[in-house]
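Chemist: Here is a sequence together with a model predicted from it:
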Amino acid sequence: MKTVTMYRPNTIQNALSDFDRYFESFFGDSSLGPAARIFNHLPAVDVRETEKAYILDMELPGYDEKNIEVHVDGGSLSVESKQEEAKEEKKSEGTYIIRERRMNSFSRSFKLPENVDSETISAAFKNGILTLEIQKRAEAQKRMIKINSN
(Lines give C-alpha, C1' and ligand atoms only; values in the text may rest on other atoms or scores of the structure.)
Protein backbone atom coordinates (compact mmCIF):
# COMPACT_ATOMS: atom_id res chain seq x y z
CA MET A 1 0.00 0.00 0.00
CA LYS A 2 1.48 3.33 -1.02
CA THR A 3 -1.17 5.95 -0.24
CA VAL A 4 -2.96 7.37 2.76
CA THR A 5 -6.47 5.90 2.88
CA MET A 6 -9.59 6.64 4.86
CA TYR A 7 -10.33 4.26 7.70
CA ARG A 8 -14.06 3.62 7.76
CA PRO A 9 -15.34 0.73 9.80
CA ASN A 10 -18.63 -0.74 8.59
CA THR A 11 -21.46 1.29 10.06
CA ILE A 12 -25.01 1.99 9.03
CA GLN A 13 -24.09 5.64 8.45
CA ASN A 14 -21.72 4.60 5.65
CA ALA A 15 -24.62 3.03 3.77
CA LEU A 16 -27.07 5.95 4.12
CA SER A 17 -26.24 8.04 1.09
CA ASP A 18 -26.13 6.78 -2.50
CA PHE A 19 -25.17 10.32 -3.48
CA ASP A 20 -21.76 9.96 -1.85
CA ARG A 21 -20.68 6.92 -3.83
CA TYR A 22 -20.17 9.16 -6.87
CA PHE A 23 -17.39 11.07 -5.12
CA GLU A 24 -13.91 9.65 -5.31
CA SER A 25 -11.30 10.67 -2.80
CA PHE A 26 -7.64 11.51 -2.95
CA PHE A 27 -7.11 8.24 -1.09
CA GLY A 28 -7.70 5.84 -3.95
CA ASP A 29 -11.08 4.53 -2.80
CA SER A 30 -14.53 5.89 -2.10
CA SER A 31 -14.45 8.44 0.72
CA LEU A 32 -16.97 10.48 2.61
CA GLY A 33 -18.62 12.73 0.09
CA PRO A 34 -20.10 16.16 0.83
CA ALA A 35 -23.49 14.85 1.98
CA ALA A 36 -21.97 12.42 4.50
CA ARG A 37 -19.56 15.08 5.81
CA ILE A 38 -22.47 17.47 6.40
CA PHE A 39 -24.61 14.74 7.98
CA ASN A 40 -21.74 13.67 10.24
CA HIS A 41 -20.36 17.20 10.74
CA LEU A 42 -16.92 16.07 9.59
CA PRO A 43 -14.26 18.52 8.40
CA ALA A 44 -13.07 18.40 4.79
CA VAL A 45 -9.59 16.99 4.15
CA ASP A 46 -7.09 17.29 1.29
CA VAL A 47 -4.17 14.85 1.05
CA ARG A 48 -1.26 15.40 -1.31
CA GLU A 49 1.95 13.54 -1.87
CA THR A 50 5.40 15.01 -2.35
CA GLU A 51 8.62 13.18 -3.04
CA LYS A 52 9.44 12.98 0.69
CA ALA A 53 6.09 13.14 2.51
CA TYR A 54 2.31 13.04 2.54
CA ILE A 55 0.64 16.32 3.50
CA LEU A 56 -2.82 16.25 5.06
CA ASP A 57 -4.75 19.57 5.29
CA MET A 58 -7.96 19.56 7.35
CA GLU A 59 -10.40 22.49 7.46
CA LEU A 60 -11.20 23.39 11.07
CA PRO A 61 -12.51 26.98 11.02
CA GLY A 62 -13.54 28.16 14.46
CA TYR A 63 -11.79 25.31 16.26
CA ASP A 64 -9.06 25.94 18.80
CA GLU A 65 -5.90 23.86 18.44
CA LYS A 66 -6.05 23.18 22.20
CA ASN A 67 -9.19 21.07 21.60
CA ILE A 68 -7.73 19.06 18.70
CA GLU A 69 -5.87 15.79 19.28
CA VAL A 70 -3.80 13.83 16.77
CA HIS A 71 -3.00 10.19 17.56
CA VAL A 72 -0.93 7.55 15.80
CA ASP A 73 -1.62 3.94 16.66
CA GLY A 74 0.28 1.45 14.54
CA GLY A 75 -0.82 2.07 10.96
CA SER A 76 -3.70 4.40 11.86
CA LEU A 77 -3.71 8.19 12.19
CA SER A 78 -6.66 9.81 14.01
CA VAL A 79 -7.67 13.46 14.36
CA GLU A 80 -10.40 14.33 16.83
CA SER A 81 -11.92 17.22 18.70
CA LYS A 82 -14.12 17.33 21.76
CA GLN A 83 -16.34 20.41 21.81
CA GLU A 84 -18.78 21.26 24.54
CA GLU A 85 -22.17 22.11 23.12
CA ALA A 86 -23.30 25.59 24.13
CA LYS A 87 -26.31 25.39 26.38
CA GLU A 88 -29.46 26.97 25.02
CA GLU A 89 -30.16 29.23 27.94
CA LYS A 90 -30.88 32.91 28.17
CA LYS A 91 -27.84 34.99 28.88
CA SER A 92 -27.31 38.68 29.23
CA GLU A 93 -26.25 38.71 25.54
CA GLY A 94 -29.70 37.57 24.43
CA THR A 95 -31.41 34.47 23.09
CA TYR A 96 -30.55 32.99 19.69
CA ILE A 97 -33.19 33.54 17.02
CA ILE A 98 -31.18 31.82 14.26
CA ARG A 99 -28.26 29.54 15.02
CA GLU A 100 -26.48 27.99 12.03
CA ARG A 101 -22.89 27.85 13.26
CA ARG A 102 -22.07 24.68 15.14
CA MET A 103 -18.97 23.37 16.80
CA ASN A 104 -19.35 19.61 17.08
CA SER A 105 -17.00 16.93 18.27
CA PHE A 106 -15.58 14.85 15.44
CA SER A 107 -13.18 12.02 14.82
CA ARG A 108 -11.54 11.11 11.50
CA SER A 109 -9.14 8.23 11.00
CA PHE A 110 -6.75 7.46 8.17
CA LYS A 111 -4.88 4.27 7.36
CA LEU A 112 -1.21 5.07 6.87
CA PRO A 113 0.81 3.51 4.06
CA GLU A 114 3.61 1.11 4.94
CA ASN A 115 6.27 3.50 3.65
CA VAL A 116 5.78 6.25 6.28
CA ASP A 117 7.88 7.04 9.33
CA SER A 118 5.19 7.53 11.98
CA GLU A 119 7.79 8.86 14.45
CA THR A 120 8.35 12.02 12.37
CA ILE A 121 4.75 13.22 11.88
CA SER A 122 4.52 16.96 12.52
CA ALA A 123 1.42 19.12 13.00
CA ALA A 124 0.74 22.84 12.51
CA PHE A 125 -2.46 24.85 12.94
CA LYS A 126 -2.89 28.19 11.15
CA ASN A 127 -5.95 30.13 9.98
CA GLY A 128 -8.31 27.25 10.77
CA ILE A 129 -6.29 24.68 8.80
CA LEU A 130 -4.62 21.74 10.53
CA THR A 131 -1.63 20.56 8.48
CA LEU A 132 -0.02 17.21 9.17
CA GLU A 133 3.25 16.32 7.45
CA ILE A 134 3.81 12.58 7.33
CA GLN A 135 7.38 11.83 6.28
CA LYS A 136 8.20 8.83 4.12
CA ARG A 137 10.97 6.51 5.31
CA ALA A 138 14.29 7.24 3.60
CA GLU A 139 14.42 3.83 1.93
CA ALA A 140 10.93 4.42 0.48
CA GLN A 141 11.84 7.69 -1.24
CA LYS A 142 12.76 7.88 -4.90
CA ARG A 143 16.43 8.11 -5.63
CA MET A 144 18.37 8.71 -8.78
CA ILE A 145 20.73 5.94 -9.90
CA LYS A 146 23.67 7.17 -11.88
CA ILE A 147 24.48 5.17 -14.99
CA ASN A 148 28.17 4.72 -15.54
CA SER A 149 29.46 4.81 -19.09
CA ASN A 150 32.06 2.28 -20.25
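Modeler: Done, it's in.
Chemist: Going by C-alpha atoms from here, please, whenever you check contacts or count neighbours.
Modeler: OK.
Chemist: Now residue 68: phi and psi?
Modeler: phi -110, psi 130 (degrees, to the nearest 10).
Chemist: What does the pLDDT read for it?
Modeler: On the pLDDT scale, residue 68 is placed at 93.
Chemist: Check residue 65 too.
Modeler: Model confidence at residue 65 (pLDDT) stands at 89.
Chemist: shaky segments in the chain?
Modeler: 1-3, 5-41, 84-92, 102-103, 140-141 (pLDDT under 70).
Chemist: Which residue ranges of it form strands?
Modeler: 5-6, 45-49, 53-59, 68-73, 76-81, 106-111, 122-126, 129-135 (DSSP state E).
Chemist: Rebuild those strands as CSV, extending it with mean neighbour count and distance to residue 149.
Modeler: Listed next are those as CSV, based on neighbours: other Cα atoms under 10 Å; distance: least, Cα to Cα, whole Å:
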stretch, mean neighbour count, distance to residue 149
strand 5-6, 22, 42
strand 45-49, 16, 34
strand 53-59, 19, 33
strand 68-73, 14, 46
strand 76-81, 18, 45
strand 106-111, 17, 43
strand 122-126, 13, 42
strand 129-135, 20, 34
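Chemist: In TSV: the ones you listed, plus distance to residue 146.
Modeler: Compiled in TSV, the strands of the chain are given as follows (distance: least, Cα to Cα, whole Å):
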stretch	distance to residue 146
strand 5-6	34
strand 45-49	25
strand 53-59	23
strand 68-73	37
strand 76-81	36
strand 106-111	35
strand 122-126	33
strand 129-135	25
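Chemist: Looking at the ones you listed, spot the one closest to residue 144.
Modeler: strand 53-59 (17.3 Å; Cα to Cα).
Chemist: State the paired neighbours of that closest one in the sheet, together with their directions.
Modeler: Using DSSP bridges, the strands paired with strand 53-59 are strand 45-49 (antiparallel), strand 129-135 (antiparallel).
Chemist: Turn those strands into TSV, columns for distance to residue 123.
Modeler: TSV is the format used below for these (distance: least, Cα to Cα, whole Å):
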stretch	distance to residue 123
strand 45-49	14
strand 129-135	5
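Chemist: Cool, thanks, signing off.
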